[in-house]
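Undergrad: model the following, please.
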Amino acid sequence: MTSKLEQLKAMTTVVADTGDLDAIAQWRPEDATTNPSLLLKAAASDAYRPMLDKAVAMASQQGGSDAEQLAYATDALAVQAGREILQLIPGVVSTEVDARLSFDTDATLARARRLIDLYRQQGVDTRRVLIKVASTWEGIRAAEQLEKEGIHCNLTLLFSFVQAAACADAGAFLISPFVGRILDWHLAHSDRDSFPAAEDPGVQSVSRIYNYYKANGFKTVVMGASFRNLGEIEMLAGCDRLTISPTLLQELQDDTAPLKRQLSPDTAASSDGFGTMDERLFRWESNEDAMATEKLAEGIRRFAADQIELEGRVRQLAKAA
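TA: Numbering: from 1, shown residues only. Next up, the predicted model:
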C-alpha cells in the first residue's frame, strides 16, 4: 500500500519544517524552510559546530562593532546551514531576516540583500533561496521591492486574509500561513478542546486563501505551515506546498489509508476581494482581526527571543575562540 506521505507528494510539494540535517537527509523533501527557532535547536548539534566556527571567523574578518559582528555571524550561520541543506534537497531553502527588523522596510531590505550576497559568496545559486520576512505592512513592502530585484520571498507569520491579499498584491513569491497557531488561538478563546479537521480554523483560513489566489489568477504560492495534527494536513492535501515537521512526516509515512485531494485550482472559487490594497485598509482589517494581531505579535516576539538566544551562543563561541 502507498503511504499517505507518498500520496501527498503526488499532489503537493512537501517541505521539511526543520533545520536538522539528518532529518532532511532522511525525509528527502523537495524544499526546506528554517527560522531562528529551528536554527537554535539545530545549532546544538555536532553537525552545526563547523558552521558556527566558520560564521564567527567570517564575522571577525568582516570587522565592525561587536553588535555588527554578531549580526553578521548569525547571518553567516544561517547561510552556511542553507548551503548544507541545499546539498540534500532538489528545491529551495528559506532563510529568515532578523525578526527585530519586522517593522523596518529599509533595514529588512539591507539584511535580505546581505543574505543573498553571502549565498553568492558561498557559490550558491540564489534562485534556490527564498528570503523569509514577517507579513507586516513593512515586511510586505520590502518583499515587493526584493521581488522586483529578482530575489524571491517567503512571507511568514501569516494569520489573516488581509495579509494574504496584500502579499499577492505585492507579487510575493510564497506565503506561509500558520495553520496550527490559528487553531491554538481559537482553542484558547473558546470552551472547546478540539475541532474536527474540516472545521479547524487554520484549515479554513488556508483553504480560503488558496481558493482566492487560484480563482483570481494570483501566482503567489500557498505553503501551509505550523501543523498540530495529521488531520490538518489531510484537509489541505492539494495545497501548493506544505511544510511539515519530522514527527508528522513519520505519521504520514506510517499511514497507508487513502488520501483524498481537497484543494485544486480546477475547482477553486472565491467571492473575496479587497480592491485596491493600501496601508490604511491593511492596518484597519488587521486591527479588526484579534487572532491575527495577537499571533503576529507573539510570533515576532518568539522569533526575536530565539534570535537573541542564538546570538548568545555565537557570542560565547567567539569569546572562547
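Undergrad: distance of Ala112 from Ala99?
TA: Relative to Ala99, Ala112 is positioned 13 Å away (CB to CB, to the nearest Å). All C-beta atoms are positioned from the backbone trio N, CA, C, and that covers glycine.
Undergrad: then Tyr212?
TA: Taking CB to CB, one finds Tyr212 at 27 Å from Ala99.
Undergrad: what do you get for Ala268?
TA: Using CB to CB, we find Ala268 at a distance of 32 Å from Ala99.
Undergrad: quick one: which of the two has more around it?
TA: Counted by other CB atoms under 10 Å, Ala268 and Ala99 do not tie: Ala99 has more neighbours, with 25 against 15.
Undergrad: is it true that that one touches Pro36?
TA: Yes. Assessed by CB atoms under 8 Å, Ala99 is found in contact with Pro36 at 6.8 Å.
Undergrad: overlap in contacts, these two.
TA: Counting by CB atoms under 8 Å, 6 or more residues apart in numbering, the shared contacts of Ala99 and Pro36 are 303-304, 307.
Undergrad: what about the residues you listed, which one has the most neighbours?
TA: Result: Phe303 is most packed of those (other CB under 10 Å), 24 neighbours.
Undergrad: and the one helix or strand that residue maps to, what's buried?
TA: Here Phe303, judged by DSSP states H and E, is contained in helix 290-320. The neighbour-count check on helix 290-320 (16 or more other CB atoms under 10 Å) flags 291-292, 295-296, 299-300, 302-304, 306-307, 310-311, 314-315, 317-318 as buried.
Undergrad: same check on stretch 123-136?
TA: Neighbour-count burial for stretch 123-136 [16+ other CB under 10 Å]: 124, 126, 128-136.
Undergrad: with pLDDT and secondary structure as added columns, please give those residues in CSV.
TA: Below are the buried residues of stretch 123-136 laid out as CSV (pLDDT from 0 to 100; DSSP: H, G, I helix; E, B strand; the rest coil):
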residue, pLDDT, secondary structure
Val124, 97, coil
Thr126, 97, helix
Arg128, 98, helix
Val129, 98, strand
Leu130, 98, strand
Ile131, 98, strand
Lys132, 97, strand
Val133, 98, strand
Ala134, 98, strand
Ser135, 98, coil
Thr136, 98, coil
